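Participant: What follows is a predicted protein model with its sequence.
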Amino acid sequence: MALIDIENLEVTFSGGGRHVRALTGVSLAVEEEDSFGIVGESGSGKSTVLRALCGLTPVTAGRISIDGKPVPSPRDQAFYRRVQMVFQDPYASLHPRHTIDRVLSEPLVIHGLDHVEKRVEQALEDVGLGAGFRFRYPHQLSGGQRQRVAIARALILEPKIILLDEPTSALDASIQAEVLNLLDRLRAQRGLTYILVSHDLAVVSHMCDRLVVMQSGEVVEELTREALQAHETTQTYTRNLLTASAGFTRSPARPR
Amino acid sequence: MSTPVSRQSLGDWLTSEQPVSRSQARLGQIWRTWKLFSGNRLGMVGLGIVVLLVLVAIFANVMAPYDPLLGGDLRTERLLPPSWEHLMGTDDLARDIFSRVVHGARLTLLVVALVAIIATPIGLLVGTVSGYFGGWVDTVLMRITDIFLAFPRLILALAFVAALGPGIENAIIAIAITSWPPYARLARAETLTIRNAEHIDAIRLQGASSPRIIWGHVVPLCLSSVIIRVTLDMAGIILTAAGLGFLGLGAQPPQPEWGAMIAGGRRFIIDYWWVATMPGIAIFAVSLGFNLLGDGLRDVLDPKAGK
């Protein structure tokens, strides 16, 4: 049985008399220690899947279960110990007035874990930041360093499932590779399960074994990494995405 | 842990990019804010005036050459003009005005401090709770705030003092209950912009309770704009207290409250101008000091002011 099972998930945002159907029946199954990708254009609802899964966005209909058991709503402390998330923008996801030390030790305090000092130092070590970063404020760090702190925060409760919401799209290319390699290494070391949301097909094909393509709140196609790399797609939308991700090609000027 | 001060200067230690302890990081942050603030000349003037007010209030007994409540000889020492004997002259009961102004600093500081201590937490609490939870909590708390906002401050204070009886304590309570609504509004507006930030989502995902999020994550971000607003309001609070004193509803005679002193000097302002003018200058200077300090703080603390 799959570790994470999402069935017919629907999310509708209402406000001011308008209803926006962000998800119209999404079903996913993610195996344990799998790295699962969700790709799609902006507004396709891929981030909403993650936010609904961890309870930040209320679900309108459908079922979410982990290990065969439906997740409680509101989510309980045990859920937060198992599932953590890394956000898109490292400039917005760290509290500007808290030191890195506070960012990392607060979850430990909330969950009443012991050896706070040691765990914080270990967490910084694990993401490749030394103890020298511990008492800095976020404004003293670069974007890549901030995202490493965000990863350390997600890992400090030793969860098994990490939700990655475009973890590298706010970083420049060289830092992107570093962060992706770090995520890869951590998954291998700890047997983590990832759900990675991205609009970048290159990132997804590097990181994920399986992926789904989403468009306007629906899953259009499910692919393996091999199929993606071989461009074996059945849907026009996926093909368009692939073409778009190949970048701007200078096609020869057509004769008139 | 290394010994911090031995090798490097204190300034280097404070501005270190790699603090080695919680307290060093915090002190460093305070130091950076202070450096920024001390570059603001008008803000420093304001701070100077406020510090002077505090010092005068503390050392009033030492500084005042005469008793503020007991006058001199009523036959020869009434309404004397300013001189070296009496720096600000004497009033109609032969009391030394300088001594009364110095002791009045205590009352002014008491009003300012108590109003700040009562009104700021109420405003912050109502505003952040209302903004964070939204929905019906927000509606209820904001309508209550609207009701308090709808009363003119001085009139409500007047009604309150009339009900409880005149006196400086009641004046303080009256001013405090009429001055929190703007802080609640401000804190709510700030909270609305913060509550959907990713770092709030992140701490929610760590399983933090709402009180923890509001106190540890929302309040610190609202605090600077509320502090700025409170400092800028101090002038108004002093003026309201003086106004109540002037109307005879604040501090009662013979307390040396500045507003009451102006009221006392009003009757002979043409012939003996110094009786009303001297406490007036004191009110003016302290109000100006708080305004300058507030402006300076805004330049340093308000992220939206920009550079």
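Facilitator: Yep, it's here.

Participant: Roughly how far does B:P220 sit from chain A?
Facilitator: As judged by CB to the nearest CB, to the nearest Å, B:P220 and chain A stand 5 Å apart. In this view, the C-beta of every residue, glycine as well, is placed from N, C-alpha and C.

Participant: and if you look at B:A241?
Facilitator: From B:A241 to chain A the distance is 33 Å (CB to the nearest CB).

Participant: For that residue, pull up the helix or strand it's in.
Facilitator: For B:A241, the host element (DSSP states H and E) is helix B:219-246.

Participant: Restricting to C-alpha, output the next helix or strand after that helix in PDB.
Facilitator: Later in the chain than helix B:219-246, the nearest helix or strand by DSSP H and E is helix B:258-265. What follows is helix B:258-265, C-alpha atoms only, in PDB (Å, rounded to 0.1, in the frame of the first residue of the first chain):
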ATOM      1  CA  TRP B 258       1.600  71.700  34.400                       C
ATOM      2  CA  GLY B 259      -2.000  72.000  33.000                       C
ATOM      3  CA  ALA B 260      -3.400  73.000  36.300                       C
ATOM      4  CA  MET B 261      -0.600  75.500  36.700                       C
ATOM      5  CA  ILE B 262      -1.500  77.200  33.400                       C
ATOM      6  CA  ALA B 263      -5.100  77.300  34.600                       C
ATOM      7  CA  GLY B 264      -4.000  79.000  37.800                       C
ATOM      8  CA  GLY B 265      -2.000  81.600  35.800                       C
END
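
Participant: surely B:N291 meets B:G46?
Facilitator: Yes. With contact defined as CB atoms under 8 Å, B:N291 reaches B:G46; the gap is 6.9 Å.

Participant: what about those two, which has more around it?
Facilitator: Using other CB atoms under 10 Å in any protein chain shown, the more surrounded residue of B:N291 and B:G46 is B:G46, with 22 against 19.

Participant: Distance of the closest residue to that one other than its chain neighbours relative to chain A?
Facilitator: Once flanking residues are discounted, B:G46 sits nearest to B:L292: 2.8 Å by CB to CB, 6 or more residues apart in numbering or on different chains. Per CB to the nearest CB, B:L292 is found 26 Å from chain A.

Participant: Can you say which helix or strand has B:L292 in it?
Facilitator: Here B:L292 is assigned to helix B:274-301, by DSSP H and E.

Participant: Could you give the average pLDDT over that helix?
Facilitator: Mean pLDDT, helix B:274-301: 90.

Participant: helices or strands up against that helix?
Facilitator: Judged by 3 or more CB pairs under 8 Å, 6 or more residues apart in numbering or on different chains; DSSP states H and E, the packing partners of helix B:274-301 are helix B:22-38, helix B:41-58, helix B:97-133, helix B:219-246, helix B:258-265.

Participant: May I see the buried residues of that helix?
Facilitator: Of the residues in helix B:274-301, B:274-280, B:282-283, B:286-287, B:289-301 count as buried by neighbour count, 16 or more other CB atoms under 10 Å in any protein chain shown.

Participant: How about stretch B:115-124?
Facilitator: Result for stretch B:115-124 [16+ other CB under 10 Å]: buried residues B:V115, B:A116, B:I118, B:A119, B:T120, B:I122, B:G123, B:L124.

Participant: Redo those as JSON lines? Include pLDDT.
Facilitator: Converted to JSON lines, those look like this (pLDDT from 0 to 100):
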{"residue": "B:V115", "pLDDT": "91"}
{"residue": "B:A116", "pLDDT": "91"}
{"residue": "B:I118", "pLDDT": "93"}
{"residue": "B:A119", "pLDDT": "93"}
{"residue": "B:T120", "pLDDT": "94"}
{"residue": "B:I122", "pLDDT": "95"}
{"residue": "B:G123", "pLDDT": "94"}
{"residue": "B:L124", "pLDDT": "95"}
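
Participant: wait, which of those residues is closest to B:G89?
Facilitator: B:V115 (30.6 Å; CB to CB).

Participant: Chain A contacts on the stretch 51-200 of chain B?
Facilitator: For the stretch 51-200 of chain B, the contact set with chain A under CB under 8 Å from any CB of the partner chain comprises B:A197, B:E198, B:H199.

Participant: how close does the first one get to A:V149?
Facilitator: By that I understand B:A197. 16 Å (CB to CB, to the nearest Å).

Participant: Which of the helices and strands in chain B ranks last by mean pLDDT?
Facilitator: Every helix and strand in chain B was compared by mean pLDDT, DSSP states H and E; the lowest is helix B:10-14, with a mean of 78.

Participant: Show me what counts as buried in that helix.
Facilitator: Buried, per 16+ other CB under 10 Å, within helix B:10-14: B:W13, B:L14.

Participant: Who has more neighbours out of B:A197 and A:V149?
Facilitator: Legend: neighbour count by other CB under 10 Å for B:A197 and A:V149, higher for A:V149 (24 against 19).

Participant: so who does the more buried one touch?
Facilitator: Contacts for A:V149 (CB atoms under 8 Å, 6 or more residues apart in numbering or on different chains) come out as A:P90, A:L94, A:I100, A:V103, A:L104, A:V127, A:L129, A:F133, A:P138, A:L141.

Participant: Which one of the residues you listed is nearest to chain B?
Facilitator: A:L94 (5.7 Å; CB to the nearest CB).

Participant: So which bits of the top helix by length along chain A are buried?
Facilitator: The single longest helix within chain A, with elements called by DSSP state H, is helix A:173-190. Neighbour-count burial for helix A:173-190, counted by 16+ other CB under 10 Å, picks out A:I175, A:Q176, A:V179, A:L180, A:L182, A:L183, A:L186, A:R187.

Participant: just how off-centre is that helix within its chain?
Facilitator: Relative to its chain's centre, helix A:173-190 lies at 13 Å (CA atoms, centre = their mean, to the nearest Å).
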